[in-house]
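Colleague: for reference, the sequence and a predicted model appear below.
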Amino acid sequence: MRARLLLVLLAVVLVAGVVVAVVLTRGDDSSRAMPEPAPAPASAAPLKSFYEQKISWSDCDGDRCGWVKVPVDYEKPDGETLRLRVRWVDATSDSSKVVFVNPGGPGGSAVDFAGQMATSFGDGVRKAYNVVGVDPRGVGLSDPVTCLDDKAMDAYVASDPTPDDPAEVKEFEDATRTLGEGCVKRSGELASHVSTEEAARDMDVVRGVLGQKTFTWFGASYGTQLGATYATLFPQTVGRMVLDGAVDPDESTIESALGQATGFQRAFDAYAASCATKDACPVGSDPEQATQKLSSLLEAIDRTPLRTGTSRVLTEGNAFYGIAVTLYSEESWPILTQALQAAVKGDGTVLLRLSDIYFDRDASGKYTSNQGQVISAVSCLDADDRPTFAEMEKQVPRFEKVSPLFGRALALGAGGCSLWPVEATNPQPTIDATGSAPIVVVGTTRDPATPYENARRLADELKTGVLLSRDGDGHTAYLSGNACIQKSIDMYLVDGTVPKDGTLCKAE
């Protein structure tokens with residue numbers, strides 16, 4: 001959400017205050033023949049050995065997993081390499097076709113997401129496609145970027161997201177420098193090569209390795225940026241592509257952060273309106289006053305961190321992320337109410353737990369994924385515009401106008417890449433995808449992390465983009481349970497029926 005989390009795009013499922021992981025067991029039909037690699041494109045002659053490699057598959061929770069090798073630097077295909085982790089979930093038929101999936105981030109594990117989507121796609125999709133997740137370079141199991149140890153990460157997350165005096169500003173800047181320098185020190189050359197453009201090139205290598213003539217993609221959140229970038233680089237290879245919870249990669253750093261400020265405020269306002277109709281609402285019975293009440297609580301926590309049920313305290317930083325994570329889904333609003341009810345009584349236990357969930361920190365203090373770190377590494381390598389903290393301080397009034405609650409944090413956060421120690425040598429390319437097959441862009445009207453306006457712009461920027469909309473709350477659409485959205489996307493993936501541009505699926 002701030003510089004260190006410039007794009008907060010991960011979809012999170014919350015039930016009773018904990019993230020629910022979907023653990024599945026599927027029969028391993030080890031006798032099923034796997035596709036042979038497709039020939040390398042003529043334009044990729046120096047990469048022939050990468051495109052035509054064969055995967056050595058092994059069992060992973062009843063599915064198949066393997067490794068694909070790609071160059072760290074595509075300008076130096078004979079140089080250092082890295083490994084991408086690939087998970088293959090068999091179709092319910094003998095189909096050889098693949099739908100690649102990605103949950104967002106940057107930092108979300110597509111390997112994990114493949115298991116979730118294998119039980120979420122409709123029966124027709126599961127019959128038509130094998131579901132494949134590839135952890136992008138630097139993410140999850142794919143030679144992950146590491147920057148900080150667990151103790152340093154605790155301090156980083158807990159730091160003040162809204163510095164308002166010189167000492168706090170220096171601490172804010174030092175934290176960002178420490179993260180970036182840690183990435184370079186711990187990850188070496190890889191820290192310079194985790195851009196979205198490079199990750200998209202990896203996806204085409206994996207497409208070839210898996211014998212797919214076209215690239216069919218379901219990307220959520222940041223996965224829409226990765227998909228749109230692929231379509232821009234390889235438009236003739238695009239098969240059927242769904243971009244759900246759209247990012248607009250063509251936005252400037254400032255406009256992207258401003259959009260998120262708008263989206264999160266919109267989501268909080270929707271929560272406050274709902275909460276006001278219930279007894280003991282911690283932000284009051286008047287939605288117009290809810291933002292001020294919560295802002296006052298955060299200011300109080302900034303002055304005096306709250307006790308928790310552990311040796312740790314709840315800082316404003318922890319509280320900020322603990323609140324944000326519950327705004328991704330309407331189903332999480334009761335958890336936010338519970339957390340705030342406790343916080344106004346001086347107990348920060350629930351908000352601290354929510355902050356830990358946001359960053360995949362377990363009860364032992366270990367961060368089980370690198371998403372809280374790699375998100376900055378990717379975002380800064382994508383950005384060829386890097387406003388400074390001083391420049392973003394001047395933008396604060398503009399941000400606070402659209403979001404009194406989140407504006408200052410997101411404005412100052414957008415200045416973080418100015419201190420990133422690695423140049424953007426492969427910045428985000430301008431999106432167009434000229435010559436591709438139709439691409440379905442999906443937006444939710446009150447999406448906090450990827451505001452609806454992004455979907456409308458991305459559908460226009462993609463020369464073959466088609467807009468499909470969901471009227472509702474929460475981040476992304478397909479997994480929301482909206483039958484109209486699911487039917488439209490399933491029909492498109494299965495038989496190529498493209499939704500009418502501008503289709504609106506009403507709230508259910």
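Modeller: Structure received.
Colleague: using CSV, write out every CA atom in stretch 33-53.
Modeller: Taking Å, rounded to 0.1, in the frame of the first residue of the first chain, the C-alpha atoms of stretch 33-53 are listed here in CSV:
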residue,chain,number,x,y,z
ALA,A,33,1.1,-38.4,-21.4
MET,A,34,2.3,-34.8,-21.0
PRO,A,35,2.5,-32.5,-24.0
GLU,A,36,5.8,-32.3,-25.9
PRO,A,37,7.4,-28.8,-26.1
ALA,A,38,6.3,-26.6,-28.9
PRO,A,39,9.0,-25.4,-31.3
ALA,A,40,10.6,-22.1,-30.2
PRO,A,41,9.4,-19.0,-32.1
ALA,A,42,11.7,-17.9,-35.0
SER,A,43,12.2,-14.6,-33.2
ALA,A,44,13.4,-16.5,-30.1
ALA,A,45,16.3,-18.4,-31.7
PRO,A,46,18.8,-17.5,-28.9
LEU,A,47,16.3,-19.0,-26.4
LYS,A,48,15.7,-22.3,-28.3
SER,A,49,17.1,-24.4,-25.6
PHE,A,50,14.8,-22.8,-23.0
TYR,A,51,11.7,-23.2,-25.1
GLU,A,52,12.4,-26.9,-25.9
GLN,A,53,13.5,-28.2,-22.5
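Colleague: next, the buried residues of it.
Modeller: 37-38, 40, 44, 47, 50-51, 53 (16 or more other Cβ atoms under 10 Å). In short, each C-beta sits where N, CA and C put it, glycine included.
Colleague: what does stretch 361-378 give?
Modeller: Neighbour-count burial for stretch 361-378 [16+ other Cβ under 10 Å]: 361, 367, 369-378.
Colleague: now do the strands in this protein.
Modeller: 14-15, 18-19, 58-60, 63-71, 81-89, 98-102, 130-134, 215-220, 238-244, 439-446, 465-473, 503-505 (DSSP state E).
Colleague: and the ones you listed as CSV, adding mean neighbour count and mean pLDDT?
Modeller: Below are the strands of the chain laid out as CSV (neighbours: other Cβ atoms under 10 Å; pLDDT from 0 to 100):
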stretch, mean neighbour count, mean pLDDT
strand 14-15, 16, 30
strand 18-19, 13, 33
strand 58-60, 12, 96
strand 63-71, 20, 98
strand 81-89, 22, 98
strand 98-102, 28, 98
strand 130-134, 26, 98
strand 215-220, 27, 98
strand 238-244, 26, 98
strand 439-446, 25, 97
strand 465-473, 23, 97
strand 503-505, 17, 98
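Colleague: now do the contacts for Arg456.
Modeller: 443, 467 (Cβ atoms under 8 Å, 6 or more residues apart in numbering).
Colleague: next: Leu327.
Modeller: Here Leu327 is in contact with 264, 267-268, 271, 336, 448 (Cβ under 8 Å, 6+ apart).
Colleague: phi, psi for it please.
Modeller: phi -90, psi 0 (degrees, to the nearest 10).
Colleague: Gly107 too?
Modeller: The phi/psi pair for Gly107 (degrees, to the nearest 10) is phi 130, psi -10.
Colleague: can you pull the pLDDT of it?
Modeller: Gly107 carries a pLDDT score of 94 in this model.
Colleague: mind checking how far the nearest residue to Arg85 once chain neighbours are set aside is from Gly259?
Modeller: Leaving out its chain neighbours, the residue that sits closest to Arg85 by Cβ to Cβ, 6 or more residues apart in numbering is Leu141, at 3.7 Å. Taking Cβ to Cβ, to the nearest Å as the measure, Leu141 falls 31 Å from Gly259.
Colleague: quick one, helices of the stretch 1-150 of the chain?
Modeller: Remark: helices assigned in the stretch 1-150 of the chain by DSSP state H, counting those that start in this stretch are 48-51, 110-120, 123-128, 150-158.
Colleague: what mean pLDDT does the second one get?
Modeller: Regarding helix 110-120, the rounded mean pLDDT is 97.
Colleague: what of stretch 36-49?
Modeller: Computed over stretch 36-49, the average pLDDT equals 86.
Colleague: and stretch 288-305, by the same measure?
Modeller: 97.
Colleague: roughly how far out does it sit from the chain middle?
Modeller: 28 Å (Cα atoms, centre = their mean, to the nearest Å).
Colleague: buried residues, it. List them.
Modeller: So, applying 16+ other Cβ under 10 Å, buried residues of stretch 288-305: 290-291, 293-294, 297-298, 300-302, 305.
Colleague: redo these as a markdown table? Include distance to Ser418.
Modeller: Converted to a markdown table, the buried residues of stretch 288-305 look like this (distance: Cβ to Cβ, whole Å):
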| residue | distance to Ser418 |
| --- | --- |
| Ala290 | 34 |
| Thr291 | 29 |
| Lys293 | 34 |
| Leu294 | 29 |
| Leu297 | 31 |
| Leu298 | 25 |
| Ala300 | 31 |
| Ile301 | 28 |
| Asp302 | 24 |
| Pro305 | 29 |
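Colleague: let me know the closest of those to Cys281.
Modeller: Ala290 (8.3 Å; Cβ to Cβ).
Colleague: show me what contacts that closest one?
Modeller: 268-269, 272, 275-276, 283-284.
Colleague: return the subset of the buried residues of stretch 288-305 lying in helices.
Modeller: Counting by DSSP state H, the part of these found in helices is 290-291, 293-294, 297-298, 300-302.
Colleague: circling back to that earlier point, closest to Ser332 out of the strands of the chain?
Modeller: Closest among the strands of the chain, using Cβ to Cβ: strand 14-15, at 4.3 Å.
Colleague: more crowded one of Leu141 and Gly259?
Modeller: Gly259 (23 against 19; other Cβ atoms under 10 Å).
Colleague: ignoring the adjacent residues along the chain, who's closest to the more buried one?
Modeller: Pro451 (4.8 Å).
Colleague: distance of the one you found relative to Glu171?
Modeller: Taking Cβ to Cβ, one finds Pro451 at 30 Å from Glu171.
Colleague: between these two, which has more neighbouring residues?
Modeller: Set Pro451 next to Glu171 and count neighbours by other Cβ under 10 Å: Pro451 wins out with 28 against 14.
Colleague: so where's the protein shaky on pLDDT?
Modeller: 1-31 (pLDDT under 70).
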